[in-house]
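A.B. asks: The sequence isn't on hand, but the structure is:
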């Protein structure tokens, strides 16, 4: 880290004009996002900071930009090794990003401005250093899209809520916890507790976190694009599975220790200790499954059995069988 | 990276992003699509003003206006009708009703869009929500309150039942027409009282009661410029 800073200082000393212009570029973006106020007494950044709230399931919003910067730093060697040749094609994403920003300002829609930010970053890198560098930069830039509040999705989680409620009812009755389901409400047959699979309990909160986790996991642990896509595509089923187990444990804890515990502290912590570990475990297991070398397996299955060797003459006093009679060629 | 490339990039960014300073500073406002006053009498219903909490005023943006009445009839039914008229800032004035209902402890289940025929005007869409809230009574027993609610939005000339559609229509208006609409959100709700009172209504009966109420209320609220389907 310190070595990198020293190198940066040396580079700045050797190229003062370039350094000044890079600072001006960063300053320009900072000005239009954090100082310019297209909304009534709100810059886009101020609006985003207010929108990163519990209601939008985005309390982690402030961590995303530093997180993306950290991911970019992790890729520094790959970036340094990339062939760098500036490209006019980079102007295309740059102009698209500018257009989205202007539309956001005109429509006073801060969400669009947040979408424009990663497009602008990729455009800048592409224009200055070419596609290979932009390809590397595109991943941390993609992470920036998680800054965009998508609270409107929360109004459409009802099918997920019903699915979770329905499966948990079935499993609960199977293990002897009598539960009736009324829509998304789970009611104990003996009326000792009652839970609701609310919008936030549909798994959407964990899904947002898991989407980002699976992106990071697939990016750093897998090279094949189709496997990355497969891991990412399985995020939803794995999260739903983890959430079903979580809601079942809420029912179980409510039955054993009372509704106050089940829908109180257990409800609050179970997302972290049940849903996410199960979803992450399933994701890693799925990746392991994808990583099995099928060709070796099929080769082994289809390999013709070796012809039995002629029995050799046994030395005197020793049995005629080989010393290691069972041998598998793995 | 060359110095000239950096200079070009800086110029493009400054010129492109700086063009926002040439956009009209104040967007024009479209006329309101509603009359912000709920009638006192509506057929068999008699309305009385209901309080708007300070919390609601604090949460919603400045310039937001409210009208709220609790209606009762001779049969003992109660309907709560509420109108929220957005201020200038559409980002803070109106949000999805599900959000504020959840904040008040209701679990909401979206139950689709219902089209209500308003005689002489046409058909208008309204989103139905089925809500439930549990309350623990002093004796430890659990009381469940079920509720049905309908909401819709009215712009200067458009009606929509969807918050997402409203944002989309509004954004297109701002981009293409350069004007702002002060959207209004109307919400009517009633509890399911079957088994809880002598003349209690089940969900279907509450549904019919509310759609009948909307049928009477809509022409009184919406101005003539508002288009029905």
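C.D. replies: Great, that's in hand. Predicted model, so just to flag it, every value in this text is computed and none were measured.
A.B. asks: residue contacts, the residue nearest the centre of chain B?
C.D. replies: Centrality entry for chain B: nearest residue to the mean C-alpha point is residue B:185, 2.6 Å, by CA atoms, centre = their mean. Neighbouring residues of residue B:185 by CB atoms under 8 Å, 6 or more residues apart in numbering or on different chains: B:83-84, B:86, B:94, B:97, B:151-153. To be clear about C-beta, it is placed using only N, CA and C from the backbone, and glycine gets the same treatment.
A.B. asks: if I look at it, how far off is residue A:221?
C.D. replies: Between residue B:185 and residue A:221 the distance is 47 Å, computed by CB to CB, to the nearest Å.
A.B. asks: follow-up on the earlier one: for the contacts of residue B:185, give me CSV that also has distance to residue A:251.
C.D. replies: Below are the contacts of residue B:185 laid out as CSV (distance: CB to CB, whole Å):
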residue, distance to residue A:251
B:83, 40
B:84, 37
B:86, 41
B:94, 36
B:97, 29
B:151, 32
B:152, 36
B:153, 38
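A.B. asks: Among the residues you listed, which one sits closest to chain A?
C.D. replies: When these are ranked by distance to chain A (CB to the nearest CB), residue B:97 comes first, at 8.9 Å.
A.B. asks: So the closest one is in contact with residue B:151, correct?
C.D. replies: Yes - between residue B:97 and residue B:151 there is a contact under CB atoms under 8 Å: 5.0 Å.
A.B. asks: any shared contact partners between the two?
C.D. replies: Contacts common to residue B:97 and residue B:151, judged by CB under 8 Å, 6+ apart, are B:129, B:185, B:187.
A.B. asks: Of the residues you listed, which belong to strands?
C.D. replies: Judged by DSSP state E, strands contain the following of the shared contacts of residue B:97 and residue B:151: B:129, B:185, B:187.
A.B. asks: Could you verify my assumption that the first one touches residue B:113?
C.D. replies: No - counting by CB under 8 Å, residue B:113 is not a contact partner of residue B:129; they are 11.0 Å apart.
A.B. asks: Those two: which has the busier surroundings?
C.D. replies: Using other CB atoms under 10 Å in any protein chain shown, the more surrounded residue of residue B:129 and residue B:113 is residue B:129, with 22 against 14.
A.B. asks: For chain A, what's the nearest residue on chain B?
C.D. replies: Using CB to the nearest CB, the single residue of chain B nearest to chain A is residue B:16, 3.4 Å away.
A.B. asks: Checking my notes, residue B:112 in a strand, right?
C.D. replies: Yes - checked against DSSP: H, G, I helix; E, B strand; the rest coil, residue B:112 lies within a strand.
A.B. asks: What is the burial count for the nearest residue to it once chain neighbours are set aside?
C.D. replies: Nearest residue to residue B:112 in three dimensions, chain neighbours excluded: residue B:128, at 5.9 Å (CB to CB, 6 or more residues apart in numbering or on different chains). By other CB under 10 Å, the residues close to residue B:128 number 18.
A.B. asks: Please name the bridge partners of residue B:128.
C.D. replies: Bridge pairing for residue B:128 (DSSP bridges) gives the partners residue B:150.
A.B. asks: can you tell me which residues contact it?
C.D. replies: Going by CB under 8 Å, 6+ apart, residue B:128 touches B:110-114, B:148-150, B:207.
A.B. asks: Can you tell me which of these are buried?
C.D. replies: Buried residues within the contacts of residue B:128, counting neighbours by 16 or more other CB atoms under 10 Å in any protein chain shown: B:110-111, B:114, B:148-150, B:207.
A.B. asks: Residue B:32: how many residues sit nearby?
C.D. replies: Residue B:32, neighbours per other CB under 10 Å, totals 19.
A.B. asks: Columns pLDDT and distance to residue A:294 on top of the shared contacts of residue B:97 and residue B:151, output as CSV?
C.D. replies: Listed next are those as CSV, based on pLDDT from 0 to 100; distance: CB to CB, whole Å:
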residue, pLDDT, distance to residue A:294
B:129, 91, 50
B:185, 92, 56
B:187, 94, 57
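A.B. asks: how about these in a markdown table, adding distance to residue A:213?
C.D. replies: Putting the shared contacts of residue B:97 and residue B:151 into a markdown table (distance: CB to CB, whole Å) gives the following:
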| residue | distance to residue A:213 |
| --- | --- |
| B:129 | 32 |
| B:185 | 36 |
| B:187 | 38 |
